[in-house]
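K.L.:
The following block contains a protein sequence and its predicted model.
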Number of protein chains: 2
Amino acid sequence: MIVDGKPPTRGRPKTLERDHVLKTALMCYWATSPDVAISKICAKAGASKPGLYREFGSDDGLKEAVLSVYGEIVSTRRSEILASEQPFSEVLEALITYTIQDRRALGLPDGCLLFAMRARRDEFGPLTRKKIDQLRLDSLEKYRQWIDRAKANGEFRADMSTETAALYLDAQAGNAMRLQKEGISNEVIGEILRTAFSAL
Amino acid sequence: MIVDGKPPTRGRPKTLERDHVLKTALMCYWATSPDVAISKICAKAGASKPGLYREFGSDDGLKEAVLSVYGEIVSTRRSEILASEQPFSEVLEALITYTIQDRRALGLPDGCLLFAMRARRDEFGPLTRKKIDQLRLDSLEKYRQWIDRAKANGEFRADMSTETAALYLDAQAGNAMRLQKEGISNEVIGEILRTAFSAL
DNA sequence: CACATTACGTACCTATAGTTACGAAATAAA
DNA sequence: TTTATTTCGTAACTATAGGTACGTAATGTG
C-alpha cells in the first residue's frame, strides 16, 4: 500500500488512528479526571486495547502522550501572550481574558487538565510525572522571562523576586482553572484574577 | 462489662477503636491521597475489614466520618482566628501564620486534606460529597461574616462584593496548601499570601 | 448452667483495573 | 502462489478494589 511519499511497507497496514485516540483520551481526562480507565477510552475511540498498548506501551505512556499534546497547545498560546510587546498591564489583561474564556462555548471542558494532573502528580507513572514536571518548569520559565523583561522596563516592582512572582502568576492561573471547574462564573473568576494581579 | 456511666450491655463487647481508625484513615488520606484502599487502612489501624464496615457502613461512610473530624479541627481553628476582634490586617496576618505553619514539625502532613478532596469531589460517594460541600459552605460563610464586619468598620473596600472576597480568601488559602504539598517553602508561600492579601 | 445477644475476623465474593498471549488477517517481496 | 512481515482484536490473565457470608468468641440474663 502506498501512502503519501512514504515508501511501501511490508505487513498488515496500521489502522489505529493515533491522533484520534489521543484526542479522545484527552477529552476524557479533561472532562472528568485522569482516572478514566483505558478500556473506556478504547470504547470511546473505537480502538482495541492491544492496539492502544502497541501504540503507547502502557497507561503511563498514553497519559504522557496526552499531556504532550495538551501541554503543547496550552504552552504555545501562553507563549504568544507573554511574548507580546504590549505593556505589562495589557499582557496581564490578555492573560485574564485567555484564562476565563468560555471553554464550554468552544466545546472544551471547564478547567485545565494540566493543573488537574499536577494536583495528583504522585499517582502517575514515571513518564507522566516527568512530563508534568517538565511542563511546569517550562511554564515557570516563560513567566520568569516575561517578568524579567518587565523589570528591565521598570514595569514590575523590584522588591519581589522573579521566582516568587512566577510562582504567584502560575498559582493564580491554577486557582482560576479550579474555580472554573467548580462552576464559579467566569465573571467572578475574572474579578478574582484582576484582584490578585492588582497586587503586582 | 461496665464502662464509664454507660449501662452494661449484652453481647460481645466492642473492641474496634473508632477514634484510632479515624485518625489512621485521616493520616493516610492526608499524607498521600484519599485513594488509599480500605484494606491498607485496616492493616495500619490493626482492624479487620468487616469491623470497619460495621462501624462506617462503606468507603463513602468512612471518608465522610474522616472529613467530619478533619473539618471540625480546621474549621474550629479558623473560626477562632476570624472571630478575633483585632484589626483586619492583623487577622490577615494571623491567617497567614496559621496557613504556613510548619506542619511537618507538628507531625502533620503538608497541605490540606479538605482542599485535596475538594479537587476530586466528583469521584466520591454521596455522603462524602455532601460533607465536602457543607464544609466549603461553612468556610465561605465564616469568611463572609468576617468581611462584613470589616466592611462595617470601614476596614475593607466597599467596591468588592463580600461573596467574591470570600471566594478570593478561600482560593488563596487553597493555593497555599497546594504549594506546600508541592514542596514550596513556607517562606515563599507566606510571601505569596501577603502579596495576594495586599490587594484587599 | 443454657440462652439470647452482640461483635469478632477469616475467607470468600464480584467487579474492574492494567496488561498480554496468540491465532487470524492484510500487506510486500520472492 | 508462497513466504516473510506486520498489525489486528478476541479472550484471556493477574492484581486489587470494595464489600460480605458465616461460623466463632465474648458478654449479660434467666
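P.N.:
Structure received.
K.L.:
Point out the residues in chain A that sit beside DNA strand D.
P.N.:
Of all the residues in chain A, those in contact range of DNA strand D (CB under 7 Å from any atom of the strand) are A:9-16, A:47-51, A:54. Any C-beta I mention is one placed from the backbone N, CA and C, and that applies to glycine too.
K.L.:
Isn't A:Glu64 up against A:Ile132?
P.N.:
No - with contact defined as CB atoms under 8 Å, A:Glu64 does not reach A:Ile132; the gap is 9.2 Å.
K.L.:
Give the helix, strand or coil label for the closest residue to DNA strand D within chain A.
P.N.:
Using CB to the nearest atom of the strand, the single residue of chain A nearest to DNA strand D is A:Gly11, 2.0 Å away. Three states are possible here, and by DSSP: H, G, I helix; E, B strand; the rest coil the one that applies to A:Gly11 is coil.
K.L.:
Buried ones among the residues of chain A next to DNA strand D?
P.N.:
Burial by neighbour count, judged by 16 or more other CB atoms under 10 Å in any protein chain shown, picks out A:Ala47, A:Gly51 from these.
K.L.:
which pair in the residues of chain A next to DNA strand D spans the largest distance?
P.N.:
Spatial extent of the residues of chain A next to DNA strand D (CB to CB) is set by the pair A:Arg10 and A:Lys49 at 25.1 Å.
K.L.:
Output the contacting helices and strands for the host helix or strand of A:Val66.
P.N.:
Per DSSP states H and E: A:Val66 is located in helix A:59-82. Under the contact definition 3 or more CB pairs under 8 Å, 6 or more residues apart in numbering or on different chains; DSSP states H and E, helix A:59-82 sits against helix A:18-31, helix A:38-45, helix A:49-56, helix A:88-99, helix A:113-118, helix A:126-152.
K.L.:
pLDDT of that helix, averaged?
P.N.:
For helix A:59-82, the mean per-residue pLDDT is 97.
K.L.:
Okay, now the unreliable bits of chain A?
P.N.:
Chain A contains residues with pLDDT under 70 at A:1-8.
K.L.:
right, and A:Val69 touches A:Leu22 too?
P.N.:
Yes - between A:Val69 and A:Leu22 there is a contact at 5.5 Å, judged by CB under 8 Å.
K.L.:
With neighbour numbers in mind, choose between the two.
P.N.:
Of the pair A:Val69 and A:Leu22, A:Leu22 is the one with more neighbours under other CB atoms under 10 Å in any protein chain shown, namely 20 against 15.
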